[in-house]
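Participant: can't give you the sequence, but here's the structure:
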C-alpha cells in the first residue's frame with residue numbers, strides 16, 4: 001500500500017509542478033507581450049514629430065549613418081548602400097556638414113565603418129568629412145557613443161524606415177537632438193524587409209530596457225575630436 005501511495009503522491013506532485021510551470025510560463029508570456037507593446041508605443045511617441053522625408057528634413061551638423069551587413073567582397077550590402085546614398089545626397093545638398101558612420105568592426109574581415117567610408121569617398125564625399133565609429137555594435141551603442149565619444153548634440157539619423165523610429169528615439173533619450181530620414185528603397189528586398197520589420201518589436205523592448213538601465217556602451221574609450229575637426233574644416 002505504501003508503494004501505491006507513493007506513486008499517487010508522486011503523480012499529484014508532478015501534476016502540481018506541471019500546472020505551476022504552465023501558469024508561470026503564461027504569466028511570463030503576458031508580461032513579455034505587454035512589455036513589448038508598451039515599448040513599441042514608447043518608441044513611436046518619442047520619435048513622433050522627428051521623422052522626415054529627405055526633401056523636408058531640416059539641416060543638421062551631422063548625419064549619423066547606422067551600419068549593417070557588409071558583403072563578403074567588403075562592399076556595403078544594398079541595404080547599407082541605400083542608407084549611405086541618402087547621407088551622400090544630404091551632404092551634397094548642404095543639409096549636413098559631416099557624416100558619422102557607426103558600425104561593427106568585429107574582425108579584420110568584417111569592417112562596416114571602413115566599407116562605408118570607401119563607398120562615400122568613391123562617390124565624392126571628402127574623406128575628412130567622414131568620421132568612423134568602429135564600436136557601434138548595436139543601435140544603442142551607436143547613439144550613446146555619438147553623444148559621449150564624438151560629442152554630437154544635433155544630428156540626422158539615416159537608416160531604413162522600419163528601423164528609424166527606434167534609432168531616433170534612442171538618440172533623443174541619450175542626449176542628441178535627433179531627427180531622422182528613412183530609406184524605403186530596400187523594400188524591394190522583401191524577405192529582408194519583412195524580417196527587419198518583425199524584429200523591431202523585440203528590439204524596441206531591448207531599447208527600452210537599455211534606456212531604463214542606463215547601461216554603458218560595450219566600449220567607450222576617450223573623447224574623439226573627429227566631428228569637431230570636420231565641422232571646423234570649411
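Facilitator: Nice, thanks for sending it over. Note that the structure is predicted; figures quoted are calculated from it, not measured. Numbers count the residues shown, from 1 in each chain.

Participant: All the strands of the protein, in order from the start?
Facilitator: 51-52, 62-66, 98-102, 130-133, 154-160, 177-183 (DSSP state E).

Participant: Next, the distance between the ends of stretch 118-129.
Facilitator: 12 Å (CA to CA, to the nearest Å).

Participant: Return the set of buried residues in that stretch.
Facilitator: By neighbour count with 16 or more other CB atoms under 10 Å, stretch 118-129 contains the buried residues 118, 119, 120, 125, 129. For the C-beta atoms, the positions are set from N, CA and C on the backbone; glycine is no exception.

Participant: who's in contact with the second one?
Facilitator: Residue 119 makes contact with 75, 76, 81, 84, according to CB atoms under 8 Å, 6 or more residues apart in numbering.

Participant: tally of neighbours for the third one?
Facilitator: Under the neighbour criterion other CB atoms under 10 Å, residue 81 is assigned a count of 19.

Participant: so what pLDDT did residue 106 get?
Facilitator: Note on residue 106: pLDDT of 68.

Participant: Same check on residue 202?
Facilitator: Reported pLDDT for residue 202: 86.

Participant: dump the residue contacts of it.
Facilitator: residue 36.

Participant: any idea what sits nearest the residue sitting nearest the centre point of the chain, other than its immediate chain neighbours?
Facilitator: Centroid check for the chain by CA atoms, centre = their mean gives residue 139 as the closest residue, at 2.6 Å. Among residues not flanking residue 139 along the chain, residue 167 sits closest, at 5.4 Å (CB to CB, 6 or more residues apart in numbering).
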